[in-house]
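Curious how this folds, go ahead:
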Amino acid sequence: AYADEIDMPQGNDDTTVAGRRVVEGDGLLSGDWSAPPAVLSQVVKRQKDQLELVPAGSARYISMNTTIAPFDDINVRRAVVAGFDREALRLVRGGELIGDIPTHMIPPGLPGFEESGGYDGFGLDFMSKPAGDPALAAEYMKKAGYASGRYEGDEELLMVGTTEGVAQKTAEVAKEKLEQLGFKVRLRLVTQDAMYTKFCNIPSAE
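Below you'll find the model as predicted:
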C-alpha cells in the first residue's frame, strides 16, 4: 500500500533525541543528518534490522583559508594534513561504520575515483597515516621556515564551527589538533546557517 501522507518536521537540532525517536518510533526515518555515535552504537547492537547505510557520494573535510597566512604556504597546509588525526575525526561521527577515510576529493562511484588512485589515493606522504604523523608534520613546518617544527606565529586564528549535532565535537577535535601543531586558535561556534551566511560565503570575514 502507498503511504497516505509524508510529513517532514523541521528544527530537530538535537540529533541524538531525533535519532532515538526514529529508532523507537513507527514509520520514521532520518533525512539530511547522520545519526550520532550514541544512536549508531545502540542500533548496531540491538536494532540492526533498522539500519541502512546508503553511500552519500560525498566527503567531509575541514577547510583552510589559503588566501591568508600561514595557510597560503603549501608546506604549512601539508604539515596540517600530516599532523591531523583523521581517525579521531571519523570516530566523533561513528567510526568505521560511517565510511572510509578519504585520500582525495572524489568519492567512490563517481567518475575519476579510480583515476585518482581509488582508496589508496595518489600516494602522498602527508596523506599516508590517517592517525597523524607528528614527525612528518614537523618536517613540513621546517620547510615552511619554522625551525622548531611547530608553527611559531603569535596571531590568533579564528576557527568557525557549528553548534549542531556532532559538528561541534568535530570542531573541538580539529582545534585540539591545530593547537598541537603550535597554532593559537579561537573557536567560534555558530548555527549552521550563520556559518554560511556570515563566514564561509563571505570572503571579507577571512
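
how close does the nearest residue to residue 19 once chain neighbours are set aside sit to residue 163?
Once flanking residues are discounted, residue 19 sits nearest to residue 39: 3.5 Å by C-beta to C-beta, 6 or more residues apart in numbering. Quick note: C-beta positions are derived from backbone N, CA and C, even for glycine. From residue 39 across to residue 163, the span is 18 Å (C-beta to C-beta, to the nearest Å).

More neighbours: the two, which one.
residue 39 (23 against 14; other C-beta atoms under 10 Å).

ok, residue 71 - contacts?
By C-beta atoms under 8 Å, 6 or more residues apart in numbering, the contact set of residue 71 is 64, 65, 77, 80.

for the protein, which helix is longest?
Criterion DSSP state H: the longest helix present in the chain is helix 167-180.

Report the buried residues of that helix.
167, 169, 170, 171, 173, 174, 175, 177, 178 (16 or more other C-beta atoms under 10 Å).

Could you export the contacts of residue 71 as a markdown table, including pLDDT and distance to residue 87?
Shown next, in a markdown table, are those (pLDDT from 0 to 100; distance: C-beta to C-beta, whole Å):
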| residue | pLDDT | distance to residue 87 |
| --- | --- | --- |
| 64 | 94 | 20 |
| 65 | 93 | 25 |
| 77 | 98 | 20 |
| 80 | 98 | 16 |
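
Just the buried ones out of those residues, please.
64, 77, 80.

which of those residues lies closest to residue 25?
residue 64 (40.6 Å; C-beta to C-beta).

List phi and psi for the closest one.
Here is the backbone geometry of residue 64 (degrees, to the nearest 10): phi -120, psi 130.

Now it. Nearest residue, chain neighbours left out?
residue 71 is the one closest to residue 64 (C-beta to C-beta, 6+ apart), at 4.2 Å.

Dihedrals phi and psi, that neighbour?
phi -80, psi 0.
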